[in-house]
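In: Using only what follows, build the 3D model:
(chains A, B and C)
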Amino acid sequence: MIPEQPVYLEDKVDEIRQSGRLAYRSTALPTWCPGCGYYSMTEGLVNALTELRIKGEDTVIVSGIGCASRFPFFMDTYGFHTLHGRALPVATGVKVANDKLTVVAVGGDGDGFAIGCGHIPHAARRNVNITYLLFDNGIYGLTKGQVSPTSATGFITPTSPFQNRDAPLNPLLMLLSYGASWVGQAYAGWPHHLTQLIRQALEHPGFSYLHVLSPCVTFDKTDRTYQNLDLAVRELDADHDSSDMAAAMRAAADTNTPTLGLYYAEKRETLGQALDLIAARAAGAQRIKRATTRHRQRKTPA
Amino acid sequence: MAKQTDIQISICGSAGDGTIAVGDIFKRAMARAGYRVIAFDHYPAEIRGFGKCISRTRISTNQVYSMKSYSDVLVSLNDLHAIPHVGEVRDYGAIIYDSAPMSAVAEGAHISGHLMPGHLPYALPIRELSELATGANRSRNIVALGFIAGLYQLPQQAFHQAIAAKFETKAPAVADTALAAFDSGFKSGSSTYKFDDVQIDHSRARKNGGEVRMMTGNGAIAHGCLEAGIETFFGYPITPATGIMERLAVEMPRRGGRLVQTEDEIAAISATIGAGYAGARAATATSGPGLALMAEMLGLGVMAEVPAVVFVSQRGGPSTGMPTKTEQSDLNLAVWGGHGDARRIVLAPTNVEGCRRCAARAFEMAEKFQVPVIVLIDLYLSNRYETVFLQGEDNFLPKNWQRVDSGAPGDNYRRYELTADGLSPRCVPGEAGGIYTATGLEHDEYGHPNDSPDVHSLMSEKRHEKLRDAMKYPGINFTKRFGDKGKIDVGLLAWGSTFGEALEAVLLAREEGIRCAAMKVVMMSPLPARPILRFCNDCQQVLVPELNYTGQFANLVSGELGRPVTRVSHATGAPMDINYLLTAIRNAAKQKLRNKTTTSNPTKA
Amino acid sequence: MPSSTHHVVLGNGIAGNHAADVIRKRDPNSRITIISAGALLFYNRYDLPDVFRGRHQWVDYLVHPPEYYESQNITLRRKTRVVELDPQTQTLSLAHRETLHYDKLLIATGGHAYIPARLLDDVGLMHSFHNFRVAMQVQNAVRKNGTVIMLGGDVMGLDLARTIIATGHRVIVALDNRTFWPHEIAQSERARYLQALESMGLDIWDHGKVDHIEAGNSKGPARQVFFEDGSEIRGDVVMPFFGLVPTVDFLATSGIDMERGILVSPQLQTARDNIWAAGDVCQIWSATSNAYRFYYGYRNVKMMGEVAAYNMTGEQSAFESTVDEALEVTSKGLLHSPFWEYD
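Out: Next up is the predicted model:
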């Protein structure tokens, strides 16, 4: 996207200062490569939190291992940099411990769909009220460019020197079928759109999954570049009905022209609500049980 | 003179005979009557079918720590299963069986042909009595129970109450039927001449006192968790730890607690660490295979200094091993498991009461020392029942972590501040001014990733040295010596469920004139080396009995103390055999004599 | 003789146990099973009167310790009742529905107290003395300086009476034609023998047949015995001592020849193959009497066990009683029966 008007650095810095967005940024400088899509994601999350007036101390960002793992360090929120693949269960624990917190899990395609893939369906089906920002660049960046579960077939990397023979996963289709209650896709090259989708994801009461397409500017010079992605992506049809699972799945199945936007959203009981309901039921059950005990005591022969 | 009660009753039957159920009533009734009870049931490994069930219960006036090596009474509800266990009954003990089985049996298939000459037979038409009393043969187990109660003049009232409580949730007719069956057996028992010399001292039974509860080790852990105000629990079913989660699933929601069954053990420990990070009292429970999966995340807990409690009930290993058999072979994993120098606290209670105490204290210690705490038990302790006396109840500390000084500006908050005791101020999400990022990367005092040599050595030291004071934490005896005082011939250094058998063996050996003592060690990590060394220095020979092949505790102790010990390893899947241990003590005592001879007559060598 | 031979001995008394002992000596490898209706190991019933002397532990009456059975490799099956014997298939049916095969069988089930038909209704009010358990019951029921009423008064009863009197109690013997059983006292001699009883300290009650027995009231003695002549006596316990009848009820369908007891040859063999009998249960052919007759007393019974054991293990010896069976009045004017002697 080429801006129509020129942007001057002084104006931009001033605008940023006044927006209050810096309150969400720590003093640590990001360590990502210049041009990395994570900058867009950080910006998007900062903007969304700012817009929603969610305080940094009430926010926990949980990461696993990968290029995303340092994400929390660059934010002035609580953060937990955990283990490879375990961001979702740790985030689940944080949320179960304190439902008042806004919990965001961030991770890449290797962290989420390789080592941590077993956790995704369960976070989705439990409808843990957290937001999962998945940054998909189709490569293992931190370990310098190996093939990932979303890498294209035929992709050549140091661990697939004779071309990757595996078919890539379709994360959107997976999440839809896992029962994620909010599924969307964004693109690091469309930062404003990304911000809006992050905001919607944060606002969604339940498990929100935002798939963020991004290039790896350092290790992928051929496949998923800004140029290629810019040409490939388009917005979801204006008349897409986000309550229509079949339509969402049809859109997700088209991998040649990735569509961006909210695929599917539904409101249903979150894990927190379920646990509150169980607690209420348990309290009720106790009353019922006491009543039967009294009844039985009368009937019990001495 | 009235002898103090100490008898063990085994009830043996087939799945479906109600063996475990009736054993349960027996132990609860005896607990109501004021006796101390310790019981360990044997279940078949298979869920369905006609596998062997044995309910063994030891009742005593004084506190005991293990099952006995023999039984005083055996009840057979199924002769084919019971016949192999006839030999566990001592001479002049009783064997109670059905004199009128439903169908004809082949020669040798009736238990009466297998009694040893020292046994006293009680042939009772169990099935017929059940049919007469209830119109059905399903209450054979309760008839047999009534017979025991009548024969030994046990308090009928306590049994009636225990039966009523057992069937409280069923239709009233169920309890009425059971009571009729019980009374029928009781009448028969009362009018039967008692030939055996099984003595129950009725005057010694505790009258009324504080609350007595019958608990398994798993139940006691759940109880301890609740007493400590557990807020979140994440677990994945695995024998023999599942009972902890099942109990908490019922009890925690009533107290507003939250329990989630996760997709695997990795998720369970991850969520536990997450919840601990977020400030909740959080725990998980598993067995060896699950603990192996949790090892990596435990390392994160150590590195990020997150309080969390992990209950581990060991079973036979390695791999799937023997899921329904007991073993103490996950000590290495609990103490050392994982990568890097990841020192954590490991507590290993030795009895059911200890399970409760350690469970509750584990939460306090996890918070105080900001580290994962493993409470390590085994199947034997998980499943065995004991009476727990709740009077003079411990007051476990409420959640209380060290807070940051108010008003500290965000970026200057040193979550991992280096302090004299190694403990740093801890904040949790939701608290303003305490914002930090916890990480598995080596980090500086602020929590910022830092892999410089100074930082790594200082922080490694901090993470280890902060646990020094854990050995002084009040409310648990981390070591305790029993038996002879001063210099002794043989000392047993025991841990976990095996301590009970070790003490029992020591008491028997002392009756034989061997000067010996047993020390229980409850804290496995960090190891309280000083009191252990003092004990070892008092002993000519130190035996370390444990239920594993490699002598994991012996290795731990001799490694930390630099002192050789003798391994008495016993890896059969069953609890420690007291007679095996006694033989080892005798041999060690003889060895000591030989040593003495050798020293005094050097020319002989 | 094949070592796998299964010798089964029915009865846990002197004859059976002695036979088992001898069989083991003669055939170290055979299988031996003793079947007993009682709960205890073989113990000395002759010593049971000692319950009145404070010997209240059954263990003290044992003839052998438990280890004996293990070292002798003898299986003792207690609380086991035989309900049927099939000599054809050589099997015993046990009450708990197990069948047991034997190669050689010795029936030594002994006898049990004879109760005259007219007293059967009152069995619940009488005490017997045939095992340790009931002996203890008698001892418990008799008060200090209390009274024991013996109906009949056979030699077992008179033996017990000696101890009861010696321990400070009173014994009343209600005479019957079975008094002195199994000895038959000539009418002319009777007075002399009764005199001897009185010399021994027994009270004689000669009022003919018992009509019935009643439980006494709570204050006085627990039993009242009413006689046909209208007289009555009171005591703590009433004990029937009318002699023994052989225990053979389980043999009804076995086809074994019986009169009152099992009829056996002098070699103690029944008319059926591989079945012998010994002790109080059997009547032995006596050429001199030209009849089958009983032999009582410890020494006779033990000898029968020995003879049977020899013959079961291949011998052909004949039983000969060496006991002078006369009931005698001693020079001191007291009675003495050879049946009271045992070693």
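In: Go through the host helix or strand of residue B:334 and flag the buried ones.
Out: Using DSSP states H and E, residue B:334 falls within helix B:331-336. Neighbour counts over helix B:331-336 (16 or more other Cβ atoms under 10 Å in any protein chain shown) mark B:331, B:333-336 as buried. Every residue, glycine included, has its C-beta placed from N, CA and C.
In: So what touches that helix?
Out: B:288, B:291-292, B:295, B:312, B:346, B:348, B:374, B:376, B:495, B:524-525, B:546, B:548, B:552-553, B:555-556 (Cβ atoms under 8 Å, 6 or more residues apart in numbering or on different chains).
In: Narrow those residues to those in helices?
Out: B:288, B:291-292, B:295, B:552-553, B:555-556 (DSSP state H).
In: Spatially central residue for chain B, please.
Out: Chain B has residue B:381 as the residue nearest its centroid, 2.2 Å off, counting by Cα atoms, centre = their mean.
In: export the ones in helices among the contacts of helix B:331-336 to JSON lines and tack on distance to residue B:79?
Out: Conversion of these to JSON lines gives the following (distance: Cβ to Cβ, whole Å):
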{"residue": "B:288", "distance to residue B:79": "36"}
{"residue": "B:291", "distance to residue B:79": "41"}
{"residue": "B:292", "distance to residue B:79": "42"}
{"residue": "B:295", "distance to residue B:79": "47"}
{"residue": "B:552", "distance to residue B:79": "40"}
{"residue": "B:553", "distance to residue B:79": "40"}
{"residue": "B:555", "distance to residue B:79": "45"}
{"residue": "B:556", "distance to residue B:79": "45"}
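In: show me the contacts for the residue nearest to the centre of chain B.
Out: Contacts of residue B:381 by Cβ under 8 Å, 6+ apart are B:217, B:313, B:349-352, B:355, B:496-497.
In: now stretch B:42-62, how far from the centre of its chain.
Out: 16 Å (Cα atoms, centre = their mean, to the nearest Å).
In: Looking at it now, give me its mean pLDDT.
Out: When pLDDT is averaged along stretch B:42-62, the result is 85.
In: ends of that stretch, how far apart?
Out: Stretch B:42-62 has an end-to-end distance of 24 Å (Cα to Cα, to the nearest Å).
In: Give me the buried positions along that stretch.
Out: Buried-residue list, stretch B:42-62, by 16+ other Cβ under 10 Å: B:42-44, B:52-61.
In: do the same with stretch B:416-433
Out: B:416, B:422-431, B:433.
In: before we move on, what about stretch B:143-153?
Out: For stretch B:143-153, by 16+ other Cβ under 10 Å, it's B:143-152.
In: Export the residues you listed to CSV and append columns for secondary structure.
Out: As requested, these are exported to CSV (DSSP: H, G, I helix; E, B strand; the rest coil):
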residue, secondary structure
B:143, helix
B:144, helix
B:145, helix
B:146, helix
B:147, helix
B:148, helix
B:149, helix
B:150, helix
B:151, helix
B:152, coil
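In: Return the member of those residues nearest to chain C.
Out: residue B:151 (12.4 Å; Cβ to the nearest Cβ).
In: Name the nearest residue to that closest one, sequence neighbours excluded.
Out: residue B:189 (3.9 Å; Cβ to Cβ, 6 or more residues apart in numbering or on different chains).
In: Where does that neighbour sit: helix, strand or coil?
Out: Once three-state DSSP is applied, residue B:189 turns out helix.
In: residues in contact with the nearest residue to residue B:469 once chain neighbours are set aside?
Out: Excluding its sequence neighbours, the residue lying closest to residue B:469 (Cβ to Cβ, 6+ apart) is residue B:421, at 6.3 Å. By Cβ under 8 Å, 6+ apart, the residues touching residue B:421 are B:465-466, B:469.
In: Filter those residues down to the buried ones, PyMOL style.
Out: PyMOL command restricting the contacts of residue B:421 to the buried ones, with burial defined by 16+ other Cβ under 10 Å:
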select buried, chain B and resi 466
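In: need the residues of the stretch 1-150 of chain C near chain B, please.
Out: Counting by Cβ under 8 Å from any Cβ of the partner chain, the stretch 1-150 of chain C comes close to chain B at C:39-41, C:58-59, C:66-70, C:75-80, C:94-101, C:133, C:136.
In: among those, which are within reach of chain A?
Out: For chain A, no contacts are drawn from those by Cβ under 8 Å from any Cβ.
In: Pull the contacting residues for residue 16.
Out: Since you didn't name a chain, this refers to chain A. So residue A:16 contacts residue A:22 (Cβ under 8 Å, 6+ apart).
In: my question was about chain C
Out: So residue C:16 contacts C:9-10, C:34, C:106, C:108, C:278-279, C:305 (Cβ under 8 Å, 6+ apart).
In: Confirm that it sits in a helix.
Out: Yes: according to three-state DSSP, residue C:16 belongs to a helix.
In: tell me the pLDDT at it?
Out: For residue C:16, pLDDT reads 97.
In: for whatever residue of the stretch 451-600 of chain B ends up closest to chain A, what are its contacts?
Out: Residue nearest to chain A within the stretch 451-600 of chain B: residue B:451 (13.3 Å; Cβ to the nearest Cβ). When contacts are counted by Cβ under 8 Å, 6+ apart, residue B:451 touches B:441-442.
In: How much space separates it from chain C?
Out: 73 Å (Cβ to the nearest Cβ, to the nearest Å).
In: what's the answer for residue A:272, then?
Out: With Cβ to the nearest Cβ as the criterion, residue A:272 and chain C are 63 Å apart.
In: So is the host helix or strand of residue B:252 next to chain A?
Out: Using DSSP H and E, the element containing residue B:252 is helix B:242-254. Yes: using Cβ under 8 Å from any Cβ, helix B:242-254 reaches chain A at B:250, B:253-254.
In: Hmm, residue C:224 is touching residue C:211, no?
Out: No: contact criterion Cβ atoms under 8 Å: residue C:224 and residue C:211 do not qualify, at 10.9 Å.
In: Look at whatever residue of the stretch 1-150 of chain A ends up closest to chain C and give its secondary structure.
Out: Residue nearest to chain C within the stretch 1-150 of chain A: residue A:122 (56.7 Å; Cβ to the nearest Cβ). Here residue A:122 is helix, with the state taken from three-state DSSP.
In: Show the contacting residues for the nearest residue to it once chain neighbours are set aside.
Out: Closest residue to residue A:122 apart from its sequence neighbours, by Cβ to Cβ, 6+ apart: residue B:263 at 4.2 Å. By Cβ under 8 Å, 6+ apart, the contact set of residue B:263 is A:89, A:118-119, A:121-122, B:236.
In: quick one: pLDDT of residue B:263?
Out: Looking at residue B:263, the pLDDT reads 98.
In: ok, it to residue A:203 distance?
Out: Residue B:263 is 27 Å from residue A:203, where distance means Cβ to Cβ, to the nearest Å.
In: What of residue B:254?
Out: For residue B:254, the distance to residue A:203 - Cβ to Cβ - is 33 Å.
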